[in-house]
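A.B. asks: structure for this input, please:
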Amino acid sequence: MSKYELLPFAGLDEMTLSEISRYTKRMIFKKGETLFTHGELKEYFYIVLHGKIKSYQLNLENAKEQTLFVYREGDMFDTIILLDGQDHDVMYEVMEESEVLQMPIHYVRELISTNKEFNSKFFPYLAGQMRQMEELSEDLSLYSTSERLIKLLIQNLDQNNRAKYNLLQGLSNTEIAKLIGTVRHVVERHLKALKEDGTITTKNKNVQILDVQKLLDKIKLF
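C.D. replies: This is a model prediction of the structure:
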């Protein structure tokens, strides 16, 4: 797809798009790569053209991993460093081969300062990321692993949920576990129970919900 069809650039005038094209560079990241270990995020800003890249935090004492975001087409990162210029304890890994746009971070800050159209896309996106982090914190604090999994399965069907819609397609149970703050065998146990009562089926790392109402009845979040 054209980079100008991406959310951050949609609606920008031709002069601005021409100026942006002078600063952007396309890059390919291979599956399994660990990214940005040398301070690149202080120098450059990235927008995903296609693929999946996750950000996560890792407890080195117990090796527990919590996925924070899975960045897909049109997603921007790292918005926190973009705004405050400070490092934070987040790691990045390529989940599937991905193509991204790289832009000098000083230029993106200039866009934020001078371009209203860019801001009209950037700040709602930033607010969505903040809401997603708030939801993750709430889920980990208030709901059981089975409830978190069911909630994620339902959100995976919601076309209005940009961050979660179709997120689970192709993800391993290990990666699903990292999204909800647990481990693989716990996710597999819950999925097995849902399959046994006819609520879902799974095939080739894809989860298909057979009875949405039955799934909704199991959790009173909606």
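A.B. asks: all strands for this protein, in order.
C.D. replies: Ranges of strands in the chain, per DSSP state E, are 25-29, 34-35, 44-58, 65-71, 76-77, 91-104, 200-203, 206-209.
A.B. asks: could I get the last one in CSV with only the CA atoms?
C.D. replies: These are the backbone C-alpha positions of strand 206-209, laid out as CSV (Å, rounded to 0.1, in the frame of the first residue of the first chain):
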residue,chain,number,x,y,z
ASN,A,206,-6.8,-19.2,14.4
VAL,A,207,-9.7,-19.0,16.9
GLN,A,208,-13.2,-19.1,15.6
ILE,A,209,-16.1,-18.3,17.9
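A.B. asks: which strands and helices lie in contact with that strand?
C.D. replies: Judged by 3 or more CB pairs under 8 Å, 6 or more residues apart in numbering; DSSP states H and E, the packing partners of strand 206-209 are helix 145-155, strand 200-203. The C-beta positions use only the backbone N, C-alpha and C, and glycine is treated the same way.
A.B. asks: rerun at 7 Å
C.D. replies: With contacts defined as 3 or more CB pairs under 7 Å, 6 or more residues apart in numbering; DSSP states H and E, the packing partners of strand 206-209 are strand 200-203.
A.B. asks: now the strand it packs on: buried residues?
C.D. replies: Neighbour counts over strand 200-203 (16 or more other CB atoms under 10 Å) mark residue 200 as buried.
A.B. asks: what is that strand packed up against?
C.D. replies: Helices and strands touching strand 200-203, by 3+ CB pairs under 7 Å, 6+ apart, are helix 184-196, strand 206-209.
A.B. asks: next one: it to chain centre, how far?
C.D. replies: Computed by CA atoms, centre = their mean, to the nearest Å, the chain-centroid distance of strand 200-203 equals 23 Å.
A.B. asks: now what about that strand, what contacts it?
C.D. replies: 191, 194, 195, 207, 208, 209, 210 (CB atoms under 7 Å, 6 or more residues apart in numbering).
A.B. asks: rerun that using 10 Å as the cut-off
C.D. replies: 150, 153, 168, 173, 188, 191-195, 207-212, 214-215 (CB atoms under 10 Å, 6 or more residues apart in numbering).
A.B. asks: deepest of the strands of the chain, which one?
C.D. replies: strand 76-77 (a mean of 22; mean count of other CB atoms under 10 Å).
A.B. asks: and residue 123, which of the strands of the chain is closest to it?
C.D. replies: Distance to residue 123, taken as CB to CB, is lowest for strand 76-77 among those, at 11.4 Å.
A.B. asks: any idea how far the spatially most central residue of the chain is from residue 188?
C.D. replies: Nearest to the centroid of the C-alpha atoms of the chain, with distances taken as CA atoms, centre = their mean, sits residue 70, at 2.4 Å. Distance, residue 70 to residue 188, using CB to CB, to the nearest Å: 20 Å.
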